[in-house]
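# Okay, structure incoming, though there's no sequence with it:
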């Protein structure tokens with residue numbers, strides 16, 4: 001019975017709400033007394049400021065341009081997810097990792113590595129993320145492809161310049177280019193460490209493919225032997241080699 005009465009009151013009430021989309025909302029008139037039946041709402045409206053908008057203020061033209069540049073850049077980076085690492089493809093590995101897979105685990109390596117005196121962990125993680133980013137354009141060029149080292153470097157430098165321009169320049173693009181150049185030239189402690197992570201990640205992946213797919217990937221271990229520059233790189237490489245011996 002109570003529900004039926006409430007429904008009758010609702011139907012008979014002159015309730016009206018004036019709610020223009022996105023710009024206004026209705027406020028009720030203050031009521032000096034409590035009433036047993038609904039009072040009509042006022043048609044008064046209050047303008048909403050941009051900060052009241054549920055999605056925030058509309059973007060400025062400069063922020064729209066920045067967003068477009070970022071999305072263009074990220075769309076290009078999609079190729080890192082779809083381009084398979086050439087060495088594994090050449091050796092017939094089933095479902096080989098992508099360039100992005102390789103870069104991701106290197107970023108995790110930088111994150112979990114022990115403290116290294118003089119090394120900046122944030123720069124290590126960033127460098128690991130960007131060290132192969134030019135391959136979104138040039139692909140994964142390996143030593144057996146017959147491309148001279150100087151030509152490979154030239155192609156990759158052009159690619160990183162293009163990607164930084166696509167991003168719209170600025171501090172983030174400059175930082176990315178600087179980190180990439182340091183890695184390419186092996187010109188800092190962080191670059192030494194990330195160079196070692198690059199080799200460590202490769203031989204760890206080789207061990208995993210040997211274990212999972214019964215491959216013999218000795219050549220990848222031979223290509224890195226004696227080339228580690230840092231204590232952490234040497235320690236991790238020795239641990240991987242020890243595990244490999246146990247499985248053979």
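Okay, I see it. Note that this is a predicted model, so its numbers are computed, not measured. Numbers count the residues shown, from 1 in each chain.
# by contact count, what packs against the helix or strand encompassing residue 203?
Residue 203 belongs to helix 189-213 when assigned by DSSP states H and E. Secondary-structure packing of helix 189-213 (3 or more CB pairs under 8 Å, 6 or more residues apart in numbering; DSSP states H and E): helix 86-90, helix 99-112, helix 121-130, helix 170-185, helix 218-224, helix 231-247. In this view, the C-beta of every residue, glycine as well, is placed from N, C-alpha and C.
# Reformat these as JSON lines; add distance to residue 161.
Putting those into JSON lines (distance: least, CB to CB, whole Å) gives the following:
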{"stretch": "helix 86-90", "distance to residue 161": "23"}
{"stretch": "helix 99-112", "distance to residue 161": "19"}
{"stretch": "helix 121-130", "distance to residue 161": "14"}
{"stretch": "helix 170-185", "distance to residue 161": "8"}
{"stretch": "helix 218-224", "distance to residue 161": "29"}
{"stretch": "helix 231-247", "distance to residue 161": "30"}
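# what's the closest of those to residue 67?
Closest to residue 67 of the helices and strands packed on helix 189-213, according to CB to CB: helix 170-185, at 13.4 Å.
# tell me which residues in that closest one are buried?
173, 176, 177, 179, 180, 182, 183, 184 (16 or more other CB atoms under 10 Å).
# Just give me the closest of the residues you listed to residue 83.
residue 180 (17.4 Å).
# who's in contact with that closest one?
Applying CB atoms under 8 Å, 6 or more residues apart in numbering to residue 180 gives the contacts 127, 130, 131, 133, 134, 160.
# Could you say which of the residues you listed is surrounded by the most neighbours?
In terms of neighbours by other CB atoms under 10 Å, those top out with residue 127 at 26 neighbours.
# Would you state the predicted confidence (pLDDT) at that residue?
At residue 127, the model reports a pLDDT of 98.
# Report the separation between it and residue 238.
Relative to residue 238, residue 127 is positioned 23 Å away (CB to CB, to the nearest Å).
# what number of residues lie near the residue lying closest to residue 152 once chain neighbours are set aside?
Of all residues not flanking residue 152 in the chain, residue 141 sits nearest, at 5.1 Å (CB to CB, 6 or more residues apart in numbering). A count of nearby residues for residue 141, using other CB under 10 Å, gives 17.
# in this protein, which ranges drop under the pLDDT threshold?
1-64 (pLDDT under 70).
# hmm, 90 instead?
For the chain, the stretches with pLDDT under 90 are 1-65, 143, 248.
# returning to what we had before: among the helices and strands packed on helix 189-213, which comes closest to residue 201?
The closest of these to residue 201 is helix 99-112. By CB to CB, the value is 5.2 Å.
# Flag every buried residue along that closest one.
Of the residues in helix 99-112, those buried (16+ other CB under 10 Å) are 99, 100, 101, 102, 103, 104, 105, 106, 107, 109, 110.
# Return the closest of the residues you listed with respect to residue 212.
For the buried residues of helix 99-112, the nearest to residue 212 is residue 101 (14.4 Å; CB to CB).
# how far does stretch 182-195 stretch from start to finish?
One end of stretch 182-195 sits 11 Å from the other (CA to CA, to the nearest Å).
# Now that stretch: buried residues?
Buried residues in stretch 182-195, counted by 16+ other CB under 10 Å: 182, 183, 184, 188, 189, 190, 191, 192, 193, 194, 195.
# and the second one, what is it in contact with?
Under the criterion of CB under 8 Å, 6+ apart, the neighbours of residue 183 are 127, 130, 131, 191, 194, 195.
# Quick check, residue 211 in contact with residue 243.
No. Judged on CB atoms under 8 Å, residue 211 makes no contact with residue 243 at a distance of 9.2 Å.
# which non-adjacent residue is nearest residue 193?
Using CB to CB, 6+ apart, the nearest residue to residue 193 is residue 230, at 5.3 Å.
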